[in-house]
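**Q** Return atomic coordinates for the entry below.
(one chain, ligands or ions: 1)
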Amino acid sequence: MANNNDVIGYIHSVDSFGAVDGPGIRFVVFLQGCPLRCLYCHNPDSWKFKEGQKRSANDLMQEILGYKSYIRRGGVTLSGGEPFAQMEFVKALLSLCREHGIHTAVDTSGAIPLEVSKEGIDLADMLLLDLKAIDPQECLSLTGQDNRHALQTLAYCEQTGKKIWLRHVCVPGYTLDSGKLAQMADYLKSFQCVDRVELIPFHQMGSYKWEYLDTPYRLGAVEPPSAEEMEQAKELFRTRGLNAV
Ligand code: SF4
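**A** Residues are numbered from 1 along each chain as shown. Predicted coordinates for the structure are as follows:
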């Protein structure tokens, strides 16, 4: 069996002081490569596989350990891109974190089939699951892939009691729609594993990257939602007993 020294991952970037990707202050590792093409992606530079910085899991763990006192009430989050697209690396890093008593979260779109992602889910302390849409067709038109793997991931977390912070990006004219949001909340309300629902307002901060990559960006005219619209969206989840923030 290969030891952890041999497991190489392609890393987009790291943030040693992340405050928005899971509980507490976290060391966030953004992995390179994503199979989806979300219309509102703010990291299109993380799409291509086998690009970015090549790091071994052990080498990255040494860097993480340098921040152990800062992240003692938080932990490590693997984000992307899509972390579960680099399963061997993710498993190695999650195992190392576990050995060092560091809490782990994986920020995933659920795009990877469960038979591939299962071991990674088992090794992580929690998931941040970015559910793009509850309707399969809408998911397909938003991201290029339907939501069957994401829903199977959710069902597996329910079955195994894996904690989830569920995320959903609210895009005016697309996903910020009371009917669609109510449908999602109705679907989620019976899941005990969903500890909170994070509704994330669409923003334009990554649009320049699309231009830089010479990729057509279709949401250039979409304005971010207002604070009031976001509150109304959260209320749809709260009235169904979900902890929406
Ligand atoms: S899953 Fe994330 S990284 Fe991948 S295209 Fe969608 S928003 Fe971008």
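**Q** The lowest-mean-pLDDT helix or strand in the chain: which residues count as buried?
**A** The helix or strand of the chain with the poorest confidence is helix 207-212; it has a mean of 92 (mean pLDDT, DSSP states H and E). Within helix 207-212, the residues that count as buried by 16 or more other CB atoms under 10 Å are 207, 209-210. Placement of C-beta: from N, CA and C, glycine included.
**Q** Is it possible to get JSON lines of these that adds distance to the ligand?
**A** Converted to JSON lines, these look like this (distance: CB to the nearest ligand atom, whole Å):
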{"residue": "Ser207", "distance to the ligand": "13"}
{"residue": "Lys209", "distance to the ligand": "10"}
{"residue": "Trp210", "distance to the ligand": "11"}
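**Q** can you list the residues of the protein near the ligand?
**A** Within the chain, the positions adjacent to the ligand are 34, 36-38, 41, 43, 46, 80-82, 109, 143 by CB under 6 Å from any ligand atom.
**Q** Contacts only, for Ala19.
**A** For Ala19, the contact set (CB atoms under 8 Å, 6 or more residues apart in numbering) comprises 25-26.
**Q** where's it relative to Ile25, distance?
**A** Look at Ala19 and Ile25: by CB to CB, to the nearest Å, they are 6 Å apart.
**Q** so Ile25 makes contact with Tyr70?
**A** Yes. Here Ile25 lies in contact with Tyr70, judged by CB atoms under 8 Å, at a distance of 5.8 Å.
**Q** More neighbours: which of the two?
**A** Between Ile25 and Tyr70, Ile25 has the larger neighbour count (other CB atoms under 10 Å), namely 17 against 14.
**Q** Distance check, the more buried one against Lys163.
**A** On the measure of CB to CB, Ile25 and Lys163 end up 18 Å apart.
**Q** Residue ranges in the chain under the pLDDT threshold?
**A** The model of the chain has pLDDT under 70 over residues 1-5.
**Q** show me what contacts the nearest residue to His203 once chain neighbours are set aside?
**A** Spatial nearest neighbour of His203, excluding adjacent residues (CB to CB, 6 or more residues apart in numbering): Pro224 at 5.2 Å. Neighbour list for Pro224: 172, 201-204 [criterion: CB under 8 Å, 6+ apart].
**Q** Show me where this protein has its helices.
**A** 57-65, 87-99, 114-123, 136-143, 148-160, 178-188, 207-212, 227-238 (DSSP state H).
**Q** among those, which is nearest Tyr10?
**A** Smallest distance to Tyr10 across the helices of the chain (CB to CB): 8.1 Å, for helix 87-99.
**Q** what about Ala92, neighbour count?
**A** Ala92 sits with 25 neighbouring residues when counted by other CB under 10 Å.
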